[in-house]
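**Student:** Quick one, structure for this:
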Amino acid sequence: MTLQFGVPVPHERPPGFQPALILHKMLTVKAVDPTDVSHLEFGAIDVGVPTGMTIEKLASEVAGADKPPNTMIGPTPFDIEVKRPAWVLLQLDPRVNWSFLAGSSGISTDRGYTHNAPLQQEQQQQLASPVSARQFGDNFGVTFVPKVGNPTLPGPGAVCPGGCRVLYFGVARRHPPTMQQKFNIFVEFIQGTHRLPTIFDPDVGNNGGSVYPP
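**Tutor:** Residues are numbered from 1 along each chain as shown. A predicted model of the protein is given here:
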């Protein structure tokens, strides 16, 4: 089943993108009382990233093996605070019977966050006009990393494969008036041969405390 809502994240990496860090968040859901599923808790668990790790290597390792949870953060359950240009890796808790929705874009935004210039003014002047006039995304390059097989790289028509619990994307900039950006996350809960497509929407924040890059 294909489900799409919101604006897909652009594929193309903006010129000059220099990530300052990798943020690894494990999204989870659990019953407060295992004997009573009428009250569920949702959270984004902050998972530490080893020094010197590349986003490609980390995503591959996370997809193939479980990562232990650390500290619950965020003003609302699935908020992700991004204060500098970064890679953001989203992992669905493998203890839960869910995955990113097969055939979907995995995530989308509630509007098209784009900016018609590369990240730095001097780089814009160096680039040919067809490139410098292009619309580059504030967020870009959703990449799906399955437990088995090769990653699904960003590009036209790229969609989430079945059973995928790991994706990552780049956060290139935050600037007024879009300092706070809203994301939709597409998942499916799996019960035997049945699938329940679900959208977490609309207030999944991917926020920054200041304008960046400078």
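
**Student:** ok, which stretches of the chain are strands?
**Tutor:** Using DSSP state E, the strands of the chain run over 7-8, 21-33, 36-47, 71-73, 80-81, 86-92, 98-100, 107-109, 114-115, 136-137, 139-144, 166-171, 180-191, 194-207.

**Student:** where in the protein is pLDDT low?
**Tutor:** Scanning the chain with the threshold set as pLDDT under 70 gives 1-4, 36-38, 66-76, 116-134, 176-179, 202-210, 214.

**Student:** any idea how far Gly106 lies from Phe186?
**Tutor:** With distances taken as C-beta to C-beta, to the nearest Å, Gly106 is found 6 Å from Phe186. Glycine gets a C-beta too; all of them are placed from N, C-alpha and C.

**Student:** what residues are shared contacts of these two?
**Tutor:** Residues touching both Gly106 and Phe186 (C-beta atoms under 8 Å, 6 or more residues apart in numbering): 100, 160.

**Student:** May I ask you to name the longest helix in the chain?
**Tutor:** helix 55-64 (DSSP state H).

**Student:** which other helices and strands contact that one?
**Tutor:** The contact analysis (3 or more C-beta pairs under 8 Å, 6 or more residues apart in numbering; DSSP states H and E) places helix 55-64 against strand 21-33, strand 86-92, strand 166-171.

**Student:** Deepest-packed of those, please.
**Tutor:** Highest mean neighbour count of the helices and strands packed on helix 55-64: strand 166-171, a mean of 25 (counted as mean count of other C-beta atoms under 10 Å).

**Student:** Taking strand 139-144 as reference, get the angle to it.
**Tutor:** Put simply, strand 166-171 runs at 170 degrees to strand 139-144, going by axes from the mean of the first three to the mean of the last three C-alpha atoms, to 10 degrees.

**Student:** quick one: Asn150 and Ala172, what's the gap?
**Tutor:** Following C-beta to C-beta, the distance that separates Asn150 from Ala172 is 25 Å.

**Student:** Let me know the outermost residue of this structure.
**Tutor:** Thr35 (32.2 Å; C-alpha atoms, centre = their mean).

**Student:** picking up where we left off before, could you pull out the buried residues of the longest helix of the chain?
**Tutor:** 55, 58-60, 62-63 (16 or more other C-beta atoms under 10 Å).

**Student:** how far is that helix from where the chain is centred?
**Tutor:** 14 Å (C-alpha atoms, centre = their mean, to the nearest Å).
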